[in-house]
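Trainee: Next one to model:
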Amino acid sequence: MEREPRHIVLVSGGKDSTALALWLRDHRPELEVEYVFCDTHKELPETYEYLTRIEAYLGKPVTRLSSGLGERGFDHWLKIYGDYLPAPNMRWCTKKLKIEPFEEYVGDDPVYLYIGIRADEHREGYISTKPNVIPLYPFREEGITKEGVLRILEDSGVGLPEYYSWRTRSGCYFCFFQRKSEWVGLTETHPELFARAKEYEKPDEGFTWVQGEPLDSFEDPARVEDIRRKESDRKERLAARRKPRNLAEAFGFMESDEIDEPAGCLICHL
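Mentor: Reported below is the predicted structural model:
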């Protein structure tokens with residue numbers, strides 16, 4: 001007998017995947033949706049708090065998948081990869097801590113994987129090569145843009161995660177896709193996590209989270225001032241390119257903030 005397909009949303013702790021989870025609950029109530037979060041145990045505290053808010057609205061738990069706290073967690077894989085820190089051209093963290101736990105979870109079951117790529121985005125979101133996992137893009141089909149995503153979050157009362165006050169993406173606290181201004185934000189918001197991130201670095205061997213710059217530099221007042229000035233200038237240049245086109249931009253959550261951002265790992269940042 002042919003198995004019924006499972007319906008799964010991968011919740012990253014970011015705005016788009018969260019909005020999709022809430023939207024499916026309200027607009028596809030006939031579906032038995034599984035909500036899944038791949039937990040690296042290196043996430044921000046704000047992310048875990050946000051998951052609690054999401055669960056309260058959904059009325060059901062978000063399943064936490066994990067590669068293991070100790071023997072199979074980040075530190076284990078770091079040793080396997082010769083203490084080579086993950087980087088944009090070597091994203092072993094995404095493979096080992098996100099994709100592989102998810103693919104083990106779904107096994108060979110037929111799966112519809114709902115992905116929060118919006119109608120105003122030009123990127124693909126398929127994160128698995130398993131033939132039994134079929135990606136679906138409801139926001140594209142329904143014409144839901146960033147403005148619509150923000151409305152969904154506001155109307156639900158779930159809102160945005162607290163880390164958006166200083167960071168633009170979900171993911172591990174030491175994510176190498178962070179802007180330098182966000183590393184500064186980590187020093188101010190979670191100094192204990194910043195200190196842990198520093199412990200992973202080996203500057204003498206070239207192993208740093210930011211290419212060519214150890215995290216020590218982000219504690220130097222002169223360097224911090226320079227980073228803040230450059231970030232302010234960048235945002236001013238981007239904002240000057242065009243006037244706000246929609247409600248989201250008019251209220252300060254500008255699409256231009258994401259222009260020229262490096263392509264992050266979808267399963268972590270959506």
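
Trainee: Would you map the strands across this protein?
Mentor: Per DSSP state E, the chain carries strands over the ranges 6-10, 33-39, 63-66, 111-114, 133-136.

Trainee: just checking, Asp178 touches Leu193?
Mentor: Just so we're on the same page, residue 178 is Gln rather than Asp. No - in this structure, Gln178 is not within contact of Leu193 by C-beta atoms under 8 Å, at 11.8 Å. C-beta: built from backbone N, CA, C; applies to glycine.

Trainee: can you map out the helices along the stretch 51-200 of the chain?
Mentor: For the stretch 51-200 of the chain, helices defined by DSSP state H, counting those that start in this stretch occupy the ranges 74-80, 92-94, 100-106, 138-142, 146-156, 180-189, 191-200.

Trainee: what does the model give Ala248 for pLDDT?
Mentor: What the model reports for Ala248 is a pLDDT of 47.

Trainee: again, but for Tyr126
Mentor: Note on Tyr126: pLDDT of 54.

Trainee: Low-confidence regions, the stretch 101-250 of the chain specifically.
Mentor: Low-confidence segments of the stretch 101-250 of the chain (pLDDT under 70): 124-127, 242-250.

Trainee: if you set the cut-off to 80 instead, what comes out?
Mentor: Scanning the stretch 101-250 of the chain for pLDDT under 80 picks out 122-129, 239-250.

Trainee: OK, contacts around the residue lying closest to Tyr164 once chain neighbours are set aside?
Mentor: Once flanking residues are discounted, Tyr164 sits nearest to Lys15: 7.6 Å by C-beta to C-beta, 6 or more residues apart in numbering. Lys15 makes contacts with 149-150, 153, 160-161, 164, as judged by C-beta atoms under 8 Å, 6 or more residues apart in numbering.

Trainee: Among these, find me the one that's closest to Leu22.
Mentor: For the contacts of Lys15, the closest approach to Leu22 (C-beta to C-beta) belongs to Leu153, at 7.3 Å.

Trainee: does that closest one really touch Thr18, like I thought?
Mentor: Yes - between Leu153 and Thr18 a contact is recorded at 6.7 Å, counting by C-beta under 8 Å.

Trainee: Could you check which of those two is surrounded by more residues?
Mentor: It is Thr18, of Leu153 and Thr18, that has more neighbours when counted by other C-beta atoms under 10 Å, with 31 against 20.

Trainee: Look up how far Leu58 lies from that one.
Mentor: Thr18 sits at a distance of 10 Å from Leu58 (criterion: C-beta to C-beta, to the nearest Å).
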